[in-house]
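[1] Need coordinates for the below:
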Amino acid sequence: MNFHLPIIRGVIERRILVNFRVDPGVVMNRLPAPFEPMRVRGHALVGICLIRLKQIRPRGLPATLGVSSENAAHRIAVEWNAEDGALQMRNVEHEWRALGTMRNDDRGVCEGGHDE
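    Next up is the predicted model:
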């Protein structure tokens, strides 16, 4: 059975990104193995994102039937040694993530859904 999520439309009303540096020892206690905080000039990098969405609805429905949502997410830049010894880097994101992708145009209108 092939299930596809509906395409969702909405408007990004506000997005605030804040990144800051933290003592790596504080971050290390919050990361699962094998992750370690990525260090830049001796500091770990962490950040938060606050986002307000409005008029969220399935594509085709009028904006007046949409709902609004205010969300927060945080992330920590990490690194770890892979089995082959290569150093890997990525962001560990602690947030709810919708399946599919999100596209955003220059007016703040976004559309998300399943990519085929």
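[2] okay, CA-based contacts and neighbour counts for the rest of this
    OK.
[3] which residues does the spatially closest residue to residue 8 that is not a sequence neighbour contact?
    Spatial nearest neighbour of residue 8, excluding adjacent residues (CA to CA, 6 or more residues apart in numbering): residue 58 at 4.4 Å. Shown in contact with residue 58 (CA atoms under 8 Å, 6 or more residues apart in numbering): 6, 7, 8, 9.
[4] do the same with residue 48
    17, 18, 19, 72, 73, 74, 75.
[5] and it, bridged to which residues?
    residue 18, residue 74 (DSSP bridges).
[6] would you put the C-alpha positions of stretch 28-46 in CSV?
    Provided in CSV are the C-alpha atoms of stretch 28-46 (Å, rounded to 0.1, in the frame of the first residue of the first chain):
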residue,chain,number,x,y,z
MET,A,28,28.3,16.7,26.9
ASN,A,29,26.0,15.6,29.8
ARG,A,30,22.9,16.0,27.5
LEU,A,31,24.1,14.1,24.5
PRO,A,32,23.7,10.3,23.9
ALA,A,33,26.8,8.3,22.9
PRO,A,34,28.6,8.4,20.5
PHE,A,35,28.0,12.2,20.1
GLU,A,36,30.3,14.9,21.4
PRO,A,37,29.7,18.6,21.1
MET,A,38,31.4,20.1,18.1
ARG,A,39,33.8,22.7,19.4
VAL,A,40,34.5,26.1,17.8
ARG,A,41,37.2,28.1,19.5
GLY,A,42,36.7,25.9,22.6
HIS,A,43,32.9,26.4,22.8
ALA,A,44,30.0,24.1,21.9
LEU,A,45,27.4,25.6,19.5
VAL,A,46,23.7,25.4,20.4
